[in-house]
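*Asks:* Sequence unavailable; structure follows:
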């Protein structure tokens, strides 16, 4: 490797001079910044900076450059240490001695490294190379960190079709094809449902300064499941305990049996409360109620009834609620039409028409059938809304809203505070137990009251750990939801009629003039119309 050019301060004729040596072919020339850094280190300040800069730029070094009218002290060889890349490596740059100055030895270089804070990963070979070759104005990699070992995210593999649940086929015209729902996935007793490959957090490295170099954060996941499922001792596999119907709702695997009603839900059946999935062949009449821990599937029409599902709700025809009907689902809701009813779900909504209803969802709302109409009432969600038309020429009071996630952020912050408090309680329990162990080890008297307190604390410890784990999971889900919904909007493929009230995360706009083929987004404190 070609040697770089270098410089030396020499004392001649009672003055201090700068003598510059040219590099070998392919080597680097001397820079004025390097010279000034060195002169600052030896405290030589009374030189003319502009003349020095011109001298270096001209590149004519046959004659030395006069730095000072008087001689300088015979400084020994110098070593300037630079720590780079957050402590991942340290560079050493050496400079020759002033006339009469001493050469550096290994211990001098080690001492300079210590003064710079370098404690780890020092390359003795680099030091020996310098001592043997004395290459100046050249960066030696004098120390390198022990790099962290990167881990990897947890990964869950599901052994059933997770995408088919309550996601019917969407026709080319935007309508929903209820003949190809594909939402019932049967499993047998003992069948494996999912496997977890746990996260590997990696291993911390050590910087040249002796401080930890943390590996990148990884995503930790757990197998989440409901009733009728058992988990292996290593917590990495789950199996169905019964023959039934498997679904995945918000990363939770659920297995349930299916209860089939061969005709209508009416006075012949009474209300239905079932811990699995309910499928109704006919209608659900006014005044009756279906509650299911799994899905609810109705092949006919739902009138002024109440349907509460721990999974998804599928209405193959629709609901005429008569202002008495109500749908509540922990998963998604799919319906041909919804009219004069109240709807809420933790998942998303897909329908051909929503008329004079109160709708609130967590995920996306799609009303995109042949009519794809939202008219009357209010439709609210945290995610996006995609419809064909909003409102009508009749001017029915219609509100379409993307809700603000401020409350979600407040909940996430509250969970963080609660987690910190419970973790403090866990540390206090450990301290109490350690104190009792030390007292027994040193044969100090331990009172029955102290023993009782330790036992009580020990019993509460697993409960606290479980609560912390659950709160961490909830907080991670909230933060993921907030990030997912950061840039959502309202899309309308057809017409937005005048009089419709649009709300996007607390920004509000009442449509004055009819609009078509647009996106409604929040910009600052206003709702603006954009093209699709």
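*Replies:* Nice, thanks for sending it over. Not measured: the values here are computed from a predicted model.
*Asks:* What average pLDDT does stretch 327-343 get?
*Replies:* The predicted model gives stretch 327-343 an average pLDDT of 96.
*Asks:* Return the set of buried residues in that stretch.
*Replies:* For stretch 327-343, a neighbour-count test (16 or more other Cβ atoms under 10 Å) marks 327-343 as buried. Glycine gets a C-beta too; all of them are placed from N, C-alpha and C.
*Asks:* Listing request: residues of the chain with sub-threshold pLDDT.
*Replies:* 164-184 (pLDDT under 70).
*Asks:* hey, where'd the helices end up in it?
*Replies:* Secondary structure of the chain (DSSP state H): helices at 32-41, 49-58, 106-115, 124-133, 406-441, 448-484.
*Asks:* any idea of the angle the last one forms with helix 406-441?
*Replies:* With axes from the mean of the first three to the mean of the last three Cα atoms, to 10 degrees as the criterion, the two stretches helix 448-484 and helix 406-441 enclose an angle of 150 degrees.
*Asks:* same for helix 448-484, what does it pack against?
*Replies:* Contacts defined by 3 or more Cβ pairs under 8 Å, 6 or more residues apart in numbering; DSSP states H and E place helix 448-484 against helix 406-441.
*Asks:* in the helix it packs on, what counts as buried?
*Replies:* Buried residues in helix 406-441, defined by neighbour count with 16+ other Cβ under 10 Å: 408, 412, 415, 419, 422, 429, 436.
*Asks:* residues contacting the closest residue to residue 532 other than its chain neighbours?
*Replies:* Among residues not flanking residue 532 along the chain, residue 517 sits closest, at 5.2 Å (Cβ to Cβ, 6 or more residues apart in numbering). Listed by Cβ atoms under 8 Å, 6 or more residues apart in numbering, the contact partners of residue 517 are 492, 493, 494, 531, 532.
*Asks:* ok, and the most crowded of those?
*Replies:* Using other Cβ atoms under 10 Å as the neighbour test, those are led by residue 492, with 26 neighbours.
*Asks:* can you tell me the distance between the two ends of stretch 440-449?
*Replies:* One end of stretch 440-449 sits 15 Å from the other (Cα to Cα, to the nearest Å).
*Asks:* Please compute how far that stretch lies from its chain's middle.
*Replies:* 48 Å (Cα atoms, centre = their mean, to the nearest Å).
*Asks:* please begin residue numbering at 817 from this point
*Replies:* With 817 as the first residue, the last one maps to stretch 1256-1265.
*Asks:* got the buried residues for that stretch?
*Replies:* Of the residues in stretch 1256-1265, none is buried (16+ other Cβ under 10 Å).
*Asks:* residues making contact with it?
*Replies:* With Cβ under 8 Å, 6+ apart as the test, stretch 1256-1265 has contacts from 1252, 1255.
*Asks:* Please apply the same query to stretch 930-942.
*Replies:* Against stretch 930-942 from outside (Cβ under 8 Å, 6+ apart): 897, 899, 906, 908, 926, 929, 956-962, 1022-1026.
*Asks:* Just the ones of those in strands?
*Replies:* 897, 899, 906, 908, 956, 957, 958, 959, 960, 1022 (DSSP state E).
*Asks:* Which of the helices of the chain sits closest to residue 1066?
*Replies:* helix 1264-1300 (7.7 Å; Cβ to Cβ).
*Asks:* Buried residues, that closest one. List them.
*Replies:* 1270, 1273, 1284, 1287, 1289, 1291, 1294, 1297.
*Asks:* tally of neighbours for the closest residue to residue 1168 other than its chain neighbours?
*Replies:* Among residues not flanking residue 1168 along the chain, residue 1185 sits closest, at 2.9 Å (Cβ to Cβ, 6+ apart). Per other Cβ under 10 Å, the neighbour tally for residue 1185 reads 21.
*Asks:* repeat for the one 3 residues further on
*Replies:* Applying other Cβ under 10 Å, we find 23 other residues in the vicinity of residue 1188.
*Asks:* Please report phi then psi for it.
*Replies:* In terms of degrees, to the nearest 10, the main-chain angles of residue 1188 are phi 50, psi 50.
*Asks:* what's the nearest residue to it if we skip its chain neighbours?
*Replies:* residue 1204 (2.5 Å).
*Asks:* try residue 1336
*Replies:* Closest to residue 1336 by Cβ to Cβ, 6+ apart is residue 1306, at 4.2 Å.
*Asks:* Check residue 1341 too.
*Replies:* Computed as Cβ to Cβ, 6+ apart, the closest residue to residue 1341 that is not its neighbour in sequence is residue 1323, at 5.6 Å.
*Asks:* Please list all residues in contact with that neighbour.
*Replies:* Counting by Cβ under 8 Å, 6+ apart, residue 1323 touches 1338, 1340, 1341, 1342, 1343.
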